[in-house]
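**Q** Model the following, please.
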Amino acid sequence: MLAAAGVPFDAVAAELDEEEAKAGLLAAGFEARDLAEMLAEMKARSVAAAPDALVLGADQVLEQDDGSMLSKPGSREEALAQLRSLSGRSHALHSAAVLVAGEERLWGMTETVVLHVRPLSDAFLRDYLDREYEAVSASVGAYRIEGLGAQLFEDIEGSHFAILGLPLLPLLACLRERGLIAG
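**A** Predicted coordinates:
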């Protein structure tokens with residue numbers, strides 16, 4: 001998304017055990033929306049960078065309508081179980097981004113999108129996973145809105161970019177305000 005928007009960047013993997021960090025934050029009582037933003041910040045802070053380097057961390061948390069949260073499925077059967085649990089229900093997808101420079105947090109934003117999943121038959125879900133499992137195996141909720149994944153939904157309230165994983169428009173506004181991209 002950043003490249004398509006004309007923002008130069010270098011991608012660096014965060015040195016963070018995300019599952020351990022998430023477990024600790026949940027034990028400390030973090031709600032889904034705040035969890036996404038804190039994980040994004042922890043990722044940004046974990047990247048070893050020059051003190052003047054601007055580092056962006058991002059994360060997403062899927063919160064079901066009953067308040068429970070889903071993680072990335074560990075297997076095809078877990079993916080099927082996640083999709084079954086989302087069928088005919090709404091859920092919130094919290095997409096967070098945080099900018100840090102050195103030890104300073106410069107900016108943070110979490111956008112929430114509400115997605116309404118249509119009732120899904122097991123036959124449809126099995127066919128969907130036959131065709132999409134490799135692409136969705138690392139996606140929370142076992143879906144991607146792109147391509148065939150669009151057929152899962154009745155309605156979507158919110159930013160397409162946030163679904164893809166980044167509150168892009170607010171981020172671009174922040175970068176323009178700081179003079180880091182053309183205004």
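
**Q** Checking Ala58 next. Helix, strand or coil?
**A** In three-state terms, and counting by DSSP: H, G, I helix; E, B strand; the rest coil, Ala58 is strand.

**Q** number of nearby residues for Ile163?
**A** Burial of Ile163 is recorded as 21 neighbouring residues (other Cβ atoms under 10 Å). Any C-beta I mention is one placed from the backbone N, CA and C, and that applies to glycine too.

**Q** how near is it to Pro8?
**A** Ile163 sits at a distance of 24 Å from Pro8 (criterion: Cβ to Cβ, to the nearest Å).

**Q** secondary structure element for Leu175?
**A** Per DSSP states H and E: Leu175 is located in helix 168-177.

**Q** Leu26 now?
**A** Using DSSP H and E, the element containing Leu26 is helix 18-27.

**Q** In that helix, which residues are buried?
**A** 21-22, 25 (16 or more other Cβ atoms under 10 Å).

**Q** Which one of those residues is nearest to Glu146?
**A** Closest to Glu146 out of the buried residues of helix 18-27 is Lys22 (25.3 Å), distances taken as Cβ to Cβ.

**Q** looking at the sheet around Leu62, what are its partners?
**A** On the basis of DSSP bridges, Leu62 is bridged to Leu70, Leu93.

**Q** Just confirm it contacts Ala142, I think it does.
**A** No - using Cβ atoms under 8 Å, Leu62 makes no contact with Ala142, being 9.9 Å away.

**Q** Who has more neighbours out of these two?
**A** Between Leu62 and Ala142, counted using other Cβ under 10 Å, the more crowded position is Ala142 (30 against 23).

**Q** Just give the closest residue to that one, not the sequence neighbours.
**A** In space, and not counting its chain neighbours, Ala142 is closest to Ala79: 3.7 Å by Cβ to Cβ, 6 or more residues apart in numbering.
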